[in-house]
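Asker: How does the following fold in three dimensions:
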Amino acid sequence: MAETKKIRITQTRSVIDQLEHAKRTIKALGLGRPNYSVVKNDTPQIRGMVDKVRHMVKVEEV
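Answerer: Below is the predicted model of the structure:
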């Protein structure tokens, strides 16, 4: 069975003064404070969420 690729998503900016959809997307990704990181499977759904808040996060492959 093929191993799924993982990505580390790190929040770089605060959600203060951001639009509501960006705040909810950050929360859905499991983030909430600057410099917090989560490791997620690299799926189209996660990539789409990251794309919506790309100005607030940094992504790297694990």
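Asker: And stretch 4-13, what's buried?
Answerer: For stretch 4-13, the neighbour count (16 or more other C-beta atoms under 10 Å) marks 7, 9, 11 as buried. To be clear about C-beta, it is placed using only N, CA and C from the backbone, and glycine gets the same treatment.
Asker: Distance to residue 49 and secondary structure added to those, as JSON lines?
Answerer: Below are the buried residues of stretch 4-13 laid out as JSON lines (distance: C-beta to C-beta, whole Å; DSSP: H, G, I helix; E, B strand; the rest coil):
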{"residue": "7", "distance to residue 49": "11", "secondary structure": "strand"}
{"residue": "9", "distance to residue 49": "9", "secondary structure": "strand"}
{"residue": "11", "distance to residue 49": "12", "secondary structure": "strand"}
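Asker: Looking at these, spot the one nearest residue 61.
Answerer: Distance to residue 61 across these (C-beta to C-beta) is lowest for residue 7, with 5.7 Å.
Asker: In contact with that closest one, which residues are there?
Answerer: For residue 7, the contact set (C-beta atoms under 8 Å, 6 or more residues apart in numbering) comprises 39, 40, 41, 42, 46, 50, 59, 60, 61, 62.
Asker: now do residue 31
Answerer: Contact analysis of residue 31 by C-beta under 8 Å, 6+ apart lists 9, 11, 38, 57.
Asker: same thing but 7 Å
Answerer: Listed by C-beta atoms under 7 Å, 6 or more residues apart in numbering, the contact partners of residue 31 are 9, 11, 38.
Asker: do residue 30 as well
Answerer: Residue 30 makes contact with residue 38, according to C-beta under 7 Å, 6+ apart.
Asker: Name the SS class of it, please.
Answerer: Under the three-state scheme (DSSP: H, G, I helix; E, B strand; the rest coil), residue 30 adopts coil.
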